Each structure stands twice: as C-alpha cells, then as structure tokens.
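>>> below are the sequence and a predicted model for it; my questions follow.
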Amino acid sequence: MTKLPKTYQLFKKAQPKVWRAYARLGEAAAQSGPLDEKTRELIKLGMSAALRSESAVKSHVHRAREAGASPDEVTHAITLGVTTIGFPAMMTALYWAQEALQSDQRESG
C-alpha cells in the first residue's frame, strides 16, 4: 500500500488509541455489507471526488488499483459524477486521479 501522508503518520503516532478505533470503524463498515473491496474503493473514490479532496482522491485511486481496479474503472468512477458534482469538480478529480495513476505507473515501472 502507498505510504500514508506525513500528517496521518504523525496523528497515528500521537493518538494511537484514536487511530486504532478509527481503523476498526473502517473495517466494520467495510465488512457490513456485500460489496467487494474493489467496488468499495471505487465508491469511496467517487465520494472523495464529490468532497473535492485531493488527498482522498489520490488515496482511493491507489487503494482501488491495489484492489484490482483498472485505470479505466478509476476514470469511470469519477466521470459518473459529472451530473452530480458538476463538470469542473469532476475534471479536477480526474486530474488528481491521473496524477495518482502516473505515480503508480512510475513506482511499478
């Protein structure tokens, strides 16, 4: 998995109990229904795009790829938001996703 941003690493070290509780909550949510990991990550990617969170978009691109999503699936997950989050927000998220995909390609290539 891609290394967490420095701020997350510092928080994890400074607040280990809170971090563990947060991680357990995420695991419980993931296991609470029938969706597979790839689908969950693509949904979270779309949510991140809607929030206009660059770090979350990039994180969920990496996670979706690790879960088996293709670059086309990543792009589609964001493109679906065009009528919900608007064209400019969707294009911005696509830009961030392309940066993350290129970063993954450099790391694996």
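That came in fine, so what should we check first?

>>> please count neighbours and contacts with C-alpha atoms only from this point.
OK.

>>> so what touches stretch 19-31?
The contact list for stretch 19-31 (C-alpha atoms under 8 Å, 6 or more residues apart in numbering) reads 11-12, 37, 40.

>>> mind giving me the ChimeraX command for buried ones among the residues you listed?
To isolate in ChimeraX the members of the contacts of stretch 19-31 that are buried, counting by 16 or more other C-alpha atoms under 10 Å, one can use:
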select :37,40
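
>>> mind checking which of the contacts of stretch 19-31 are in helices?
11-12, 37, 40 (DSSP state H).

>>> who touches the lengthiest helix in the chain?
Across the chain, the longest stretch assigned as helix under DSSP H is helix 87-108. Helix 87-108 is touched from outside by 49-50, 52, 54, 57-58, 61-62, 71, 74-75, 78-79, 81-82, with contacts defined as C-alpha under 8 Å, 6+ apart.

>>> do that again at 7 Å, thanks
Residues from elsewhere that reach helix 87-108, judged by C-alpha atoms under 7 Å, 6 or more residues apart in numbering: 49, 52, 54, 57-58, 61-62, 75, 78-79, 81-82.

>>> okay if I get those as JSON lines plus secondary structure?
Below are the contacts of helix 87-108 laid out as JSON lines (DSSP: H, G, I helix; E, B strand; the rest coil):
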{"residue": "A49", "secondary structure": "helix"}
{"residue": "R52", "secondary structure": "coil"}
{"residue": "E54", "secondary structure": "helix"}
{"residue": "V57", "secondary structure": "helix"}
{"residue": "K58", "secondary structure": "helix"}
{"residue": "V61", "secondary structure": "helix"}
{"residue": "H62", "secondary structure": "helix"}
{"residue": "T75", "secondary structure": "helix"}
{"residue": "I78", "secondary structure": "helix"}
{"residue": "T79", "secondary structure": "helix"}
{"residue": "G81", "secondary structure": "coil"}
{"residue": "V82", "secondary structure": "helix"}
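
>>> and E99, how far from Y22?
27 Å (C-alpha to C-alpha, to the nearest Å).

>>> what pLDDT does K3 get?
pLDDT, K3: 66.

>>> T75 versus the closest residue to G81 other than its chain neighbours, what's the distance?
Of all residues not flanking G81 in the chain, M90 sits nearest, at 6.3 Å (C-alpha to C-alpha, 6 or more residues apart in numbering). Separation of M90 from T75 (C-alpha to C-alpha): 10 Å.
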